[in-house]
Each structure stands twice: as structure tokens, then as C-alpha cells.
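In: pasting the structure only:
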């Protein structure tokens, strides 16, 4: 695995491709080049800004699910730091929200102190 900041991801390569640049991407080690394809993305992370709130929570959620991105995290630094972890199922994304500490085993085991993201 490798972690890439602000790297281009091709979600849909049709006539008019859909391309997004998540704030952080975890992908397969052998993936890459000038851009990634969605199937190589293990985790996409977006950090919400006031101007991107709706896009991150609604638009990208729909696009990432349609592209088959298994895990999508939305980090909201407004007020209390909140991480919304979305895991793709056959019915769309299942959602778990956390403040304080966040634990995950995907795409690798980790513990995040969310408060430390703003200090």
C-alpha cells in the first residue's frame, strides 16, 4: 500500500470522464502513474471545507460508491473534529461517525486521535 496526497482518481473513463482529487488516497503499491483508476483506491479521504461541504457529503459520496471505492472517509474540522467512515456494501455506503478517537482495521489497523488533527 501507499498513501498519496491530492492525487487524481479517474472514477469514470467514459466519453466525459469523471475525475476527482481526494485530499488523501490509500492505494495498491503498484498503482499509479499520472492518475489512479477507482479500482486501485483502497481508501479516499476528504477534509471538509466550508465551500466543499455539500460536494464532500453528497456528490462525492454518490460518485465514489458508483465507482466502487470500498472505503471513503469524510473529516470535518468544524467545531468538534468528526470523522465519518463509509464502507461500501451492496446497498451503498454504511456509515459510522466518530469524535475523539477513531479505530479502524481497513485498509490497515490504525488508531487516530481526531483532536490532534487541529492542534
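Out: Noted; the coordinates are in hand. Note that this is a predicted model, so its numbers are computed, not measured. Numbers count the residues shown, from 1 in each chain.

In: C-alpha from now on. contacts and neighbour counts both.
Out: Will do.

In: where does this protein dip in pLDDT?
Out: Scanning the chain for pLDDT under 70 picks out no residues.

In: tell me what the lengthiest helix in it is packed against?
Out: The helix spanning the most residues in the chain, taking DSSP state H as the definition, is helix 60-67. Using 3 or more C-alpha pairs under 8 Å, 6 or more residues apart in numbering; DSSP states H and E as the contact criterion, the elements in contact with helix 60-67 are strand 9-12.

In: May I have the strands that pair with the strand it packs on, each with its orientation?
Out: According to DSSP bridges, strand 9-12 has the following sheet partners: strand 18-20 (antiparallel), strand 36-37 (parallel).

In: Can you check which of these gets nearest to residue 73?
Out: strand 18-20 (14.5 Å; C-alpha to C-alpha).

In: Buried residues in that closest one, which are they?
Out: Buried positions in strand 18-20, judged by neighbour count with 16 or more other C-alpha atoms under 10 Å: 19, 20.

In: Next: stretch 10-26.
Out: For stretch 10-26, the neighbour count (16+ other C-alpha under 10 Å) marks 10, 11, 12, 19, 20, 21, 22, 23, 24, 25, 26 as buried.

In: And it, how far out from the chain middle?
Out: A distance of 12 Å separates the C-alpha centroid of stretch 10-26 from that of its chain, computed with C-alpha atoms, centre = their mean, to the nearest Å.

In: contact partners of that stretch?
Out: The contact list for stretch 10-26 (C-alpha atoms under 8 Å, 6 or more residues apart in numbering) reads 1-9, 35-38, 41-47, 63-64, 67, 107.

In: Pull out the buried members of those residues.
Out: Using 16+ other C-alpha under 10 Å as the threshold, 3, 7-9, 36-38, 41-47, 63-64, 67 are the buried ones among the contacts of stretch 10-26.

In: Dump the strands paired with strand 9-12 to JSON lines, plus distance to residue 59.
Out: Supplementary listing: the strands paired with strand 9-12 in JSON lines, determined by distance: least, C-alpha to C-alpha, whole Å:
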{"stretch": "strand 18-20", "distance to residue 59": "11"}
{"stretch": "strand 36-37", "distance to residue 59": "18"}
